[in-house]
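**Q** Sequence below, structure please.
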Amino acid sequence: MIANPAPTCSCCGTPVPDQEQIDVRFGLPDAALEVPEEARHKAGVAALLRVDGVGSFIRCLLPVRLTGGTELVVGTWLRIGDEDLDHARRSWGRPAYRELALRGTMANAIEPWGADLHGAPATVVVRDPDEIPYVDASDDAVLHRVLTTTWDRDDVLSRVGDPLPVPVRTPLNERWSVERTGGLSAAVVDNTHRFTGPGRTVHADVFADRLRRGPEEFLAALLNGAPAVPPEQRITEDVPDGIRHAFWTAATHNGRTQYELYGFTVHRSGTAVGVVCLWDEPDDLAWAQHVWRSVRSEDAATG
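**A** Take a look at the predicted model:
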């Protein structure tokens with residue numbers, strides 16, 4: 001049997017994985033994060049946890065339907081009673097496990113629902129004897145909606161800071177967004193959005209022009225002091241209601257070559273986004289240009 005080859009990105013040739021299911025997980029219940037490691041005890045199997053002075057927990061799966069036919073499966077924790085933990089331990093790996101059903105409360109604040117989901121009552125059941133239990137039902141309004149509603153893919157996935165196997169459009173503010181490509185983690189440090197992964201880094205910032213200049217004049221100000229590069233290492237393009245420009249170069253640090261692209265997208269509203277893409281492999285220029293061109297204003301997206 002020969003597997004079908006994975007499709008690739010038309011922009012940069014990167015393999016595009018199956019997007020039907022995305023798995024993320026919480027390593028611990030929120031309440032266990034600040035206790036000493038010696039206070040955490042596995043109760044026979046890795047999916048069962050007892051935390052001294054805190055309580056008992058079972059790992060479970062929360063399925064979330066997303067637009068585009070994608071399902072996000074969140075590995076999370078349910079707080080349960082001590083007797084239920086013992087019952088689950090006795091059932092694990094035995095025929096009785098198929099019938100396991102437990103009720104407890106959600107033990108992680110899962111974005112974008114956050115604190116509204118933490119502590120919500122839930123029932124978990126076994127759907128497959130080879131998997132941990134699934135969150136199946138809840139009489140909590142928020143968790144019931146999570147289980148029964150189809151959610152906007154990018155709105156949910158952009159809240160996941162860990163690396164994802166798929167590209168995600170990520171808001172920079174109420175107007176601007178950019179694509180975080182697959183395999184990059186996400187964080188905001190000093191108002192700069194940072195996407196990082198093996199051999200690739202992106203920094204994205206939003207700028208406002210207090211002088212309210214036109215796009216070309218504002219772009220010239222943003223490029224003031226930029227290094228001179230050959231014509232084949234720079235691009236200027238018109239975009240709806242504005243202009244964008246990028247240039248790229250290479251620098252050697254401690255005997256290692258790092259490739260760099262600096263790009264700006266300027267809108268007639270007097271705001272702009274600057275992206276800096278850093279990468280290790282020379283063939284990743286197409287990836288960097290794709291990230292730069294993915295910058296989008298809400299006006300352009302809806303106009």
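**Q** show me where pLDDT drops low in the chain?
**A** 1-19, 300-303 (pLDDT under 70).
**Q** Going by secondary structure, the residue sitting nearest the centre point of it is in what exactly?
**A** The chain has V160 as the residue nearest its centroid, 3.4 Å off, counting by Cα atoms, centre = their mean. Under DSSP states H and E, no helix or strand contains V160.
**Q** Identify the residues contacting the residue nearest to it when sequence neighbours are not counted.
**A** Closest residue to V160 apart from its sequence neighbours, by Cβ to Cβ, 6 or more residues apart in numbering: V24 at 5.7 Å. All C-beta spots, glycine's among them, are computed from the backbone N, C-alpha and C. Counting by Cβ atoms under 8 Å, 6 or more residues apart in numbering, V24 makes contact with 72-75, 160, 162, 164.
**Q** I'd like those as CSV, with distance to H253 and secondary structure appended.
**A** Below are the contacts of V24 laid out as CSV (distance: Cβ to Cβ, whole Å; DSSP: H, G, I helix; E, B strand; the rest coil):
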residue, distance to H253, secondary structure
L72, 38, strand
V73, 40, strand
V74, 39, strand
G75, 38, strand
V160, 31, coil
D162, 28, coil
L164, 29, coil
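**Q** of these, buried ones?
**A** For the contacts of V24, a neighbour count by 16 or more other Cβ atoms under 10 Å gives the buried set as 72-75, 160, 164.
**Q** Of those, which is the nearest to R94?
**A** G75 (22.6 Å; Cβ to Cβ).
**Q** Go ahead and confirm the closest one touches V64.
**A** No. Taking contacts as Cβ atoms under 8 Å, G75 lies outside contact range of V64: 12.0 Å.
**Q** Tell me the spacing between the residue nearest to the centre of the chain and L66.
**A** Counting by Cβ to Cβ, to the nearest Å, the gap from V160 to L66 is 11 Å.
**Q** can you list the contacts of V24 in a markdown table and add distance to E37?
**A** Output for these, formatted as a markdown table (distance: Cβ to Cβ, whole Å):
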| residue | distance to E37 |
| --- | --- |
| L72 | 29 |
| V73 | 27 |
| V74 | 24 |
| G75 | 20 |
| V160 | 25 |
| D162 | 21 |
| L164 | 28 |
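**Q** From these, pick the one nearest A246.
**A** Nearest member of the contacts of V24 to A246, counting by Cβ to Cβ, is L164, at 24.9 Å.
**Q** quick one: contacts for that closest one?
**A** Going by Cβ under 8 Å, 6+ apart, the list of residues near L164 reads 22, 24, 157, 180, 182-183.
**Q** Report the buried members of these.
**A** 22, 24, 157, 180, 182-183.
**Q** which one of these is nearest G263?
**A** Looking across these and measuring by Cβ to Cβ, the closest to G263 is R180, at 15.3 Å.
**Q** if I look at that closest one, how far off is H193?
**A** 8 Å.
**Q** Could you name every residue contacting both of these two?
**A** Joint contacts of R180 and H193 (Cβ under 8 Å, 6+ apart) are 170, 186, 202.
**Q** Compare those and tell me which is most surrounded.
**A** Greatest neighbour count in the shared contacts of R180 and H193, by other Cβ atoms under 10 Å, goes to V202: 25 neighbours.
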